[in-house]
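>>> Below are the sequence and a predicted model for it; my questions follow.
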Amino acid sequence: MMQWVLGLILAAGIGLSLGLMGGGGSVLALPVLVYVMGVAPKSAIAMTLIIVGAVSLLGLIPHWRAGNVNLKVSLLFGSATMVGTYAGARIATLPIVSETFQMLLFAVTMLLAAGFMIRRSFKPPKPDDALAFYPKPLCKYCWLWLLTEGVLVGMLTGLVGVGGGFAIVPALVLLANVPMKQAIGTSLLIIVANSVAGFLGYLGHISIDWHLVVSFIFAASLGTLPGAYLARFVSAQKLQRGFGYFLLAIAALVLVQHRRSLQGTQPAEPTTSQVTAKS
């Protein structure tokens, strides 16, 4: 029972981060499911996609009402990311892709995201701050860049369950010339679509604890409310910096858990038969 209580408290923290920063849900959901709730990594990644997709759908509603969702760009970029996400999920179900590899790839992704976030937080805030340090594209064929990045971001999402918002928003602004407010709302719609595609890629190859999924969605949804309220009073730079250091801690935790694999010996990873602990 205590395990479930702790898991739900942390799930509310997922919603809190989404309310405060508009992202970060998948970064928190996957480690909580694997290391707190005892879910096997492949199942946890699929469950993360469902949880983040559902909470992103709730976050999409106010953006939709405000007219900050570009359907044309969503169709173009979202189609590419959905193809990539489904392909990444199918690749992840192959026997040659181990759970250790997926968790290490997740850790590396978090290290990169944390590095960019921390570095950006020390710069003076600017209107285009979210685009800082993002590689400037050769925009003669921007639509091709958009589709290419969409497929790559989607594959990463399918492999490790990361929503990809940290890459989607800059791509929409720089490659599709979408205003920042529209890019944020549009990215939420794309994340929802990616979650559906990724889940379909895993469907039939992993087990899902639907009771746990629904409980996490409910707790995370409740957490978004105070998060959105507190975001009015907390410096965006301090949030970015603190969350960046938190990402470093999560990445370090994952690397420590799989340190034997990094040393070239057989890793001690959760077995595929491991299922969600029940109260």
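Noted; the coordinates are in hand.

>>> What distance do you get for Met117 to Gly223?
Note on Met117: its distance to Gly223, by Cβ to Cβ, to the nearest Å, is 20 Å. Yep, even glycine has a C-beta here, placed from its N, CA and C like the rest.

>>> Who has more neighbours out of these two?
The residue with more neighbours, out of Met117 and Gly223, is Gly223; 25 against 22, by other Cβ atoms under 10 Å.

>>> Setting aside sequence neighbours, what's the nearest residue to the more buried one?
Leaving aside its chain neighbours, Gly223 sits nearest to Gly15 (2.6 Å; criterion: Cβ to Cβ, 6 or more residues apart in numbering).

>>> Is the one you found within a helix or a strand, and which one?
Using DSSP states H and E, Gly15 sits within helix 2-21.

>>> one step back: help me confirm that the residue nearest to Gly223 comes into contact with Ala220.
Yes. In this structure, Gly15 is within contact of Ala220 by Cβ atoms under 8 Å, at 3.7 Å.

>>> So which elements touch the helix or strand hosting Gly59?
Here Gly59, judged by DSSP H and E, is contained in helix 41-65. When contacts are defined as 3 or more Cβ pairs under 8 Å, 6 or more residues apart in numbering; DSSP states H and E, helix 41-65 packs onto helix 2-21, helix 25-31, helix 71-92, helix 99-121, helix 142-160, helix 180-202, helix 210-230.

>>> tell me the mean pLDDT over it?
Helix 41-65 carries an average pLDDT of 87.

>>> returning to what we had before: what about the helices and strands packed on helix 41-65, which gets the closest to Ser56?
Among those, the nearest to Ser56 by Cβ to Cβ is helix 180-202 (4.6 Å).

>>> for the record, mean pLDDT for the closest one?
pLDDT averaged over helix 180-202 gives 87.

>>> can you pull the alpha-carbon coordinates of that helix into PDB?
Provided in PDB are the C-alpha atoms of helix 180-202 (Å, rounded to 0.1, in the frame of the first residue of the first chain):
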ATOM      1  CA  MET A 180       5.700  30.700 -29.900                       C
ATOM      2  CA  LYS A 181       2.200  30.500 -28.300                       C
ATOM      3  CA  GLN A 182       0.900  28.500 -31.200                       C
ATOM      4  CA  ALA A 183       4.000  26.200 -31.100                       C
ATOM      5  CA  ILE A 184       3.300  25.300 -27.500                       C
ATOM      6  CA  GLY A 185      -0.300  24.500 -28.100                       C
ATOM      7  CA  THR A 186       0.500  22.700 -31.400                       C
ATOM      8  CA  SER A 187       3.200  20.600 -29.700                       C
ATOM      9  CA  LEU A 188       0.700  19.300 -27.200                       C
ATOM     10  CA  LEU A 189      -1.600  18.000 -30.000                       C
ATOM     11  CA  ILE A 190       1.500  16.400 -31.600                       C
ATOM     12  CA  ILE A 191       2.500  14.800 -28.300                       C
ATOM     13  CA  VAL A 192      -1.000  13.300 -28.000                       C
ATOM     14  CA  ALA A 193      -0.800  11.900 -31.500                       C
ATOM     15  CA  ASN A 194       2.600  10.500 -30.800                       C
ATOM     16  CA  SER A 195       1.400   8.800 -27.600                       C
ATOM     17  CA  VAL A 196      -1.300   7.100 -29.600                       C
ATOM     18  CA  ALA A 197       1.100   5.900 -32.300                       C
ATOM     19  CA  GLY A 198       3.700   4.700 -29.800                       C
ATOM     20  CA  PHE A 199       1.100   2.800 -27.800                       C
ATOM     21  CA  LEU A 200      -0.200   1.100 -31.000                       C
ATOM     22  CA  GLY A 201       3.400   0.100 -31.800                       C
ATOM     23  CA  TYR A 202       3.800  -1.600 -28.400                       C
END
